[in-house]
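**Student:** Fold the following for me, if possible:
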Amino acid sequence: MIGWHEWVVVLGMTNVRSFLTNELEMLQEIKEADIVLENEIDSKHLERYQSWKLDSNKMKSLIQAESKGMEALERVKEDENMQVEFYASGKRGMLFVNQEKTKLIKVQKFNDHGVQVIEKECKWLEIVNRMDIGPRLLKSGNGYLMCEFLVGGLDAIAFLKHPNVTRSHVVWFLKNILYQCFTLDVFGINKAEMTHPMRHIIVHNGRVVFVDFEKCTYGQQRRNVTQICQFLASPRVVAAVTAKGHSMAIDKLRLATKQYKMKPNSKTFDTILQTLRLNN
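**Tutor:** Presented below is the predicted three-dimensional model:
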């Protein structure tokens, strides 16, 4: 857990204190409503590659990292006595899962990217996990990190559009992502990529989990709340939220976000909550 002097900053905000109890109630409601439905857990990347009917060499190049990444993966398999399979490929990293679909292993994709890519994300996961943010880091080693696999989780848009999601679930979700962003802002952590975070926010087992922290930085400018507000104001999100019966004062959100950007504090954050009708 983070130190008490740090929690004083967060817990000193009225909205955070009032939200905690409601959040627990909403989590229970979501579980009772069985909103955490099973999503596809097989690799969509692999499914797409297989549909291309590639020759074996080309397929191998798509589902295997270069030598340094594969060496790190072999160390994981040996140390943990586990079998793994390809799950997804990103710009800098490659993801594999164990057979039980409980652990996700990330290794560097290209040799010239350097192991720093993995080490950086591992460092940030250690930091944000203390705030109960991000997937739980299980282990890290030479050239790899291992975290919980959010099996069956839904991305942000899929969750908002799910037929079993109610207005209460939408409010819970919106509050959750905003408070996580505000917490990161309080500690001067910029996650990046929050203006288009569809694949970077996963709803899993009653939790809203931010993923992909490899581009995190410390900075004077607090950007998480302002960036997530851009996402919430997008036509796609507004349509999904409105369809569930929740209205947001998007016309006032731009001014509220501008005020927060100038003075990121609990007062300007509360104004954002008001414009999104989340503070009652």
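**Student:** ok, which stretches of the chain are helices?
**Tutor:** 4-11, 14-32, 44-51, 56-63, 67-80, 116-129, 156-161, 167-186, 224-232, 235-243, 250-262, 266-275 (DSSP state H).
**Student:** Nearest residue to residue 107 in space, ignoring adjacent ones along the chain?
**Tutor:** In space, residue 107 comes closest to residue 69 once its chain neighbours are excluded; the distance is 3.9 Å by Cβ to Cβ, 6 or more residues apart in numbering. Heads up, the C-betas are built off the backbone N, CA and C, glycines and all.
**Student:** Pull up the gap between the one you found and residue 113, please.
**Tutor:** Residue 69 sits 9 Å away from residue 113, going by Cβ to Cβ, to the nearest Å.
**Student:** So between these two, which is more surrounded?
**Tutor:** residue 69 (25 against 17; other Cβ atoms under 10 Å).
**Student:** okay, and for the protein, where does confidence drop off?
**Tutor:** 1-63, 114-115, 280 (pLDDT under 70).
**Student:** Domain-wise, how is it divided?
**Tutor:** 4-38+153-275, 44-148 (automatic domain parsing).
**Student:** Give me the distance between residue 68 and residue 239.
**Tutor:** For residue 68 relative to residue 239 (Cβ to Cβ), the value is 44 Å.
**Student:** what's the answer for residue 70, then?
**Tutor:** Residue 70 is 43 Å from residue 239, by Cβ to Cβ.
**Student:** So those two - more neighbours on which side?
**Tutor:** Counted by other Cβ under 10 Å, residue 70 and residue 239 do not tie: residue 70 has more neighbours, with 15 against 11.
**Student:** thinking that one is in contact with residue 77, fair?
**Tutor:** No: counting by Cβ atoms under 8 Å, residue 70 sits too far from residue 77 to count as a contact (10.3 Å).
**Student:** burial count for the closest residue to residue 140 other than its chain neighbours?
**Tutor:** Distances taken as Cβ to Cβ, 6+ apart put residue 122 closest to residue 140, at 4.4 Å, once the chain neighbours are dropped. Neighbour count for residue 122, taken as other Cβ under 10 Å: 21.
**Student:** Please apply the same query to the one 3 residues further on.
**Tutor:** Residue 125 is surrounded by 23 other residues when neighbours are defined as other Cβ under 10 Å.
**Student:** Tell me how far the closest residue in space to it that isn't next to it in sequence lies from residue 146.
**Tutor:** Of all residues not flanking residue 125 in the chain, residue 137 sits nearest, at 4.2 Å (Cβ to Cβ, 6+ apart). Computed with Cβ to Cβ, the distance linking residue 137 and residue 146 is 8 Å.
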